[in-house]
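J.: sequence below, structure please.
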Amino acid sequence: LDDFFISGIRLVMDINVGTHDEAAAYLKVFRRIGRVKGFSPVSYECFDDVDSFCLDGNSNGIEFMIYDLEGLYRKQFREGDIGQKRYKELIKEPEGILRAEVWLAKTKAVRLCAKAEDIFGQIINLSEKKQDIFLEIFVRIIPFGDFHKKGKAEEIIWREIKDTRLRRRMLQLVELIPEKKSLYLAQKAMECRSIEKVIGAFAKVNLSPVTISKRQDIKQLKNIYELCISE
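T.: This is a model prediction of the structure:
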């Protein structure tokens, strides 16, 4: 084993959100996250014409992607090549599935996440802690909580948060994210030293600071972490 090294590894989770329309609705909201700390939006040729949200680590060697699995199947398979019956079977299988991938794309990312320098230790730790590693990256990108329209999110904050200063910060973040088109840039614009406390307050009331666009027909989306746990 000492003659080898792990240059990369993909950690994958399929999340059943119900229907194709719900999968598309989640992805529209995720794209409103824009840039997060340590990651920037990126496009991949393999996802051309596939609904997706992808980020590339600026220097950490980690890539993140979440996409409509049905859309990917439709791109990869052609009805004329495999027959109408088989095509319909294949397309039906991934309907309503969001596939999320965390790619440790460089050796340094593997070492950091596996918390081991030697190849044997990396294999053991990655095998035993793969779910924890996946969620550690996932939670840095996708905020915890239900997604609501902006007005409803503000209503929840006013009702649930009694600390006036904290409430003001939370309302400010909800306002800034669509304006800055980025969760990270919104947080920077706030110049708040206790931003982790603000994000934690959203999680405590099961509310995402990222809101649903007024152009979307859907009014609420369930906390994606509840769906992850059920997998």
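
J.: gap between residue 208 and residue 193?
T.: Plainly put, residue 208 is 22 Å away from residue 193 if you go by Cβ to Cβ, to the nearest Å. From N, CA and C alone the C-beta is placed, and that goes for glycine too.

J.: these two - which one has more neighbours?
T.: residue 208 (25 against 7; other Cβ atoms under 10 Å).

J.: report the separation between residue 17 and residue 25.
T.: Counting by Cβ to Cβ - residue 17 and residue 25 are separated by 8 Å.

J.: repeat that for residue 132.
T.: Applying Cβ to Cβ to residue 132 and residue 25 gives a distance of 28 Å.

J.: residues near residue 168, how many?
T.: 13.

J.: please report how far it lies from residue 174.
T.: 11 Å.

J.: low-confidence stretches in this structure?
T.: Across the chain, the ranges flagged by pLDDT under 70 are 79-81, 229-231.

J.: and residue 209, what element?
T.: Using DSSP states H and E, residue 209 sits in no helix or strand.

J.: pretty sure residue 114 contacts residue 125?
T.: Yes: if you go by Cβ atoms under 8 Å, residue 114 and residue 125 touch, sitting 4.4 Å apart.

J.: so for residue 132 and residue 25, which sits in the more crowded spot?
T.: Shown here are residue 132 and residue 25; by other Cβ under 10 Å, residue 25 has more neighbours (21 against 10).

J.: go ahead and confirm that one touches residue 219.
T.: No: Residue 25 is not in contact with residue 219 according to Cβ under 8 Å; the separation is 10.2 Å.
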